[in-house]
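A predicted structure for the sequence below; I have some questions about it.
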Amino acid sequence: MKALVQLLGLFVAMGASLASAETVRLLPDRVFDGQNMHEDWAVRVEGDVIVAVGPAAEVSGNGARDIDLAGQTLMPGLIEGHSHILLHPYDEVSWNDQVLKESIAERSVRGAQHLRAQLHSGFTTLRDLGAEGAGYADIGLKQALEKGVIEGPRLIVAGPAMVATGSYGPKGFADHVTVPLGAEEADGDSVVQVARKHIGRGADFIKVYADYRWGPDGTASATFSVAEMSDIRTVAELSGRYMVAHASSAGAMQNAISAGVRSIEHGDGGTPEIFAAMAADGIYWCPTLAAGEAISTYRGWQKGKDPEPLRIKEKKRAFITALEAGVPMCMGGDVGVYDHGDGVWEMELMVEYGMEPLQVLRSATSVNAQMMGLQDKIGSLAPGKVADMIAVDGNPAVDISTLRHIKFILQGGHRVLQ
């Protein structure tokens, strides 16, 4: 529980700094509470805490300043489940060149700008899935946020992430050339030591690459064995943390399930049997639809004009299969591959690929909070929860793209946008 205590400590610290914040009653047309949409509801906030939610006539306005949000939907702040705050779009600079040619200083400055863009687009919490060659810079950015040095969502971070030796990039250099890698290598007995090191440096969870493109002809093939990943999970759980896995191939997904991961990222090769197993074990899936479309676009695909690339067809098949199986669905787009501040794109694609808008809203709020173990603090609007919320024009349960029209942002009781 140590990690959860540390994470919740951030909320306590934010509350202390905002103790003198005013009391307000928010009056929108409707409220999405993290589960359902309600017409003519109101929310009362005192400082950084929600104290009342319900029909407007029943939420007291005594001692509160009313904020009129006519025409708008009030809902929990959005939660991004799969981000890379230290990356920027690959059509600007390739992944290899970001890892090899951009300094940690530059990447950190970019990261601070990315965080601000995310917050101002309605995301009040981000789970970051690895620093991608920038060491522990993600943890440094999290600490800067907690100190109020920079502005952005609260961060839940993995640190460098873990890869099996020889599997990850950058690669393809002569034998005498040693280059930085996008994650930290570990094997056999060393997986325990590396996992403990990441925890000691401040990682909130452990990310492993259960597969990567190191198979014949560059196909995605398994990396860590089930035994290795089980050892990593044991270390993570002893410290109150959890393990997640990058896995695109069916074999690696099955290994990750057997090892007891909290979530699987990407999962293009998932089969009905694999998704049924994930649903049975309550394993979350982050499909990263937007990253697939972005990379295809960078390679010349023109959506709506050209035939769909194989990776898009596979992703759509997997998405429908997972929905039918009842897999708990994370809203996580792999943002960083595409523009920070454009996280709503993933939500639009989830609807386009077959999910109901209300389900997508749940994924981006209460489901992601549950996945991160923060459901007691964020992800829904209820008394006692942290006052993280946004208001948007229109009704996103009818048109998910209304989330692009943010009118009001409250993070921990602090008004970011009004």
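Noted; the coordinates are in hand. On a predicted model such as this, the values are computed, not experimentally measured, just so you know.

Could I get the phi/psi values of the residue nearest to residue 364 when sequence neighbours are not counted?
With sequence-adjacent residues excluded and distances taken as Cβ to Cβ, 6 or more residues apart in numbering, residue 364 is closest to residue 331, at 3.9 Å. In short, each C-beta sits where N, CA and C put it, glycine included. Backbone torsions of residue 331, given as degrees, to the nearest 10, read phi -100, psi 100.

who touches residue 331 in this structure?
Neighbour list for residue 331: 78-81, 286, 346-347, 350, 360, 363-364, 367-368 [criterion: Cβ atoms under 8 Å, 6 or more residues apart in numbering].

Swap in 6 Å and give it another go.
Residue 331 makes contact with 81, 363-364, 368, according to Cβ atoms under 6 Å, 6 or more residues apart in numbering.

what do you get for residue 38?
Contact criterion Cβ under 6 Å, 6+ apart gives residue 31 as the residues in contact with residue 38.

tell me the phi and psi of it?
phi -130, psi 130.

What residues are bridge-paired with it?
The bridge-partner assignment for residue 38, based on DSSP bridges, gives residue 31.

got it, and the one 5 residues further on?
Taking DSSP bridges, one obtains residue 26, residue 53 as the residues bridged to residue 43.

My read is that it contacts residue 26, right?
Yes - in terms of Cβ atoms under 6 Å, residue 43 counts as a neighbour of residue 26; the distance is 4.6 Å.

got the domain boundaries for the chain?
Taking automatic domain parsing as the criterion, the chain consists of the domains 2-76+378-417, 78-342.

Show me what the longest strand along the chain packs onto, helices and strands only.
Determined from DSSP state E, the single longest strand within the chain is strand 65-76. Other helices and strands packing on strand 65-76, by 3 or more Cβ pairs under 6 Å, 6 or more residues apart in numbering; DSSP states H and E, are strand 23-32, strand 389-393.

export those strands to a markdown table and tack on distance to residue 155, mean neighbour count and mean pLDDT?
Listed next are the helices and strands packed on strand 65-76 as a markdown table, based on distance: least, Cβ to Cβ, whole Å; neighbours: other Cβ atoms under 10 Å; pLDDT from 0 to 100:
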| stretch | distance to residue 155 | mean neighbour count | mean pLDDT |
| --- | --- | --- | --- |
| strand 23-32 | 24 | 22 | 97 |
| strand 389-393 | 18 | 24 | 97 |
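
right, so of the ones you listed, which gets closest to residue 323?
Comparison of the helices and strands packed on strand 65-76 against residue 323 by Cβ to Cβ identifies strand 23-32 as nearest, at 20.4 Å.

Show me where this protein has its helices.
Shown for the chain, the helices assigned by DSSP state H span residues 2-17, 95-101, 104-120, 137-146, 190-201, 226-238, 250-259, 272-281, 289-298, 310-325, 344-352, 357-362, 368-371.

so how far is the third one off the chain centroid?
To tie it back to what came earlier, the one meant is helix 104-120. With Cα atoms, centre = their mean, to the nearest Å as the basis, the distance from the averaged C-alpha position of helix 104-120 to the chain average is 16 Å.

Helix 137-146 and that helix, what's the angle between them?
Relative orientation of helix 104-120 versus helix 137-146 (axes from the mean of the first three to the mean of the last three Cα atoms, to 10 degrees): 50 degrees.

Just the mean pLDDT for helix 104-120, thanks.
For helix 104-120, the mean pLDDT works out to 98.

Residue 69 and residue 61: what is the separation?
Between residue 69 and residue 61 the computed distance is 14 Å (Cβ to Cβ, to the nearest Å).

Check residue 198 too.
Separation of residue 198 from residue 61 (Cβ to Cβ): 48 Å.

go on, residue 357?
According to Cβ to Cβ, residue 357 and residue 61 sit 31 Å apart.

who has more neighbours, the two?
In this view residue 357 and residue 61 are compared by other Cβ atoms under 10 Å, and residue 357 has more residues nearby, 21 against 14.

what sits against the residue lying closest to that one once chain neighbours are set aside?
Closest residue to residue 357 apart from its sequence neighbours, by Cβ to Cβ, 6+ apart: residue 400 at 4.7 Å. Applying Cβ under 6 Å, 6+ apart, we find residue 400 in contact with 347-348, 351, 357, 360.

winner for burial among the helices of the chain?
Each of the helices of the chain was scored by mean neighbour count; the highest is helix 368-371, a mean of 26, by mean count of other Cβ atoms under 10 Å.

quick one: average pLDDT of that one?
Model confidence over helix 368-371, given as mean pLDDT, is 98.

Please export the C-alpha coordinates of it as CSV.
In CSV, the C-alpha atoms belonging to helix 368-371 read as follows (Å, rounded to 0.1, in the frame of the first residue of the first chain):
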residue,chain,number,x,y,z
ASN,A,368,-9.5,4.6,-15.5
ALA,A,369,-9.7,5.7,-11.9
GLN,A,370,-10.5,2.1,-10.9
MET,A,371,-7.6,0.8,-13.0
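
Which residues does it contact?
Under the criterion Cβ under 6 Å, 6+ apart, residues 79, 81, 284, 330-331, 375, 378-379 lie in contact with helix 368-371.
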